[in-house]
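A.B. asks: I need the structure of the sequence given here:
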Amino acid sequence: MAKKRFAIELGYGADLHGENMTTAAVRAVRDAVSHACLCGILEICGLSDLDRVHVHAEAAVPDPESVDRDAVLSAIPLGQKTLKVVKGGLIVEGVEVPRFAPGVDHIVMACAALTVSIETDAASDSSAPGKQACGCSAGDN
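C.D. replies: Residues are numbered from 1 along each chain as shown. Next up, the predicted model:
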């Protein structure tokens, strides 16, 4: 079976007082998840087990090496998960609030893209009679 992309969702996250790359990346992934509704996978493509979807996350932060990958992956609530962390995001001057994080005065921002894919036998042969590219029979009369 071929894997085809079903949805791409984007998210943004920040750590306002801790300069924590993982916190910002997790928030970016959660933001992307909060924008996604995968009802088409269930209702149109007929996939009944959402743990069979593939979810690839790409997160961009200023210091990718400091990210706890397991924490970011745990922000994805379903599916077979993969993660790529790249250099990006942004660090801007903030304000030190000693009760939150003494000596920390920058804001860390991250962005994330989640790609949700499904495996479908008709993905490679959308010309099959009565089948759409997603493997369903939407539009049949």
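A.B. asks: what ranges does the chain have for its helices?
C.D. replies: Along the chain, counting by DSSP state H, helices occupy 21-34, 39-43, 69-73.
A.B. asks: and the ones you listed: which comes nearest residue 106?
C.D. replies: Of all the helices of the chain, helix 21-34 sits nearest to residue 106, with 11.2 Å by CB to CB. Glycine gets a C-beta too; all of them are placed from N, C-alpha and C.
A.B. asks: isn't residue 4 right next to residue 115, touching?
C.D. replies: No: applying CB atoms under 8 Å, one finds residue 4 not in contact with residue 115, separated by 10.7 Å.
A.B. asks: about what we covered before: can you list the helices of the chain in JSON lines and add mean neighbour count and mean pLDDT?
C.D. replies: As requested, the helices of the chain are exported to JSON lines (neighbours: other CB atoms under 10 Å; pLDDT from 0 to 100):
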{"stretch": "helix 21-34", "mean neighbour count": "23", "mean pLDDT": "98"}
{"stretch": "helix 39-43", "mean neighbour count": "13", "mean pLDDT": "83"}
{"stretch": "helix 69-73", "mean neighbour count": "15", "mean pLDDT": "98"}
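A.B. asks: so which of those helices comes closest to residue 87?
C.D. replies: Here helix 21-34 is closest among the helices of the chain (CB to CB), at 10.6 Å.
A.B. asks: just checking, what packs against the closest one?
C.D. replies: strand 2-15, strand 54-61, helix 69-73, strand 106-120 (3 or more CB pairs under 8 Å, 6 or more residues apart in numbering; DSSP states H and E).
A.B. asks: having no further points to raise, I will conclude here.
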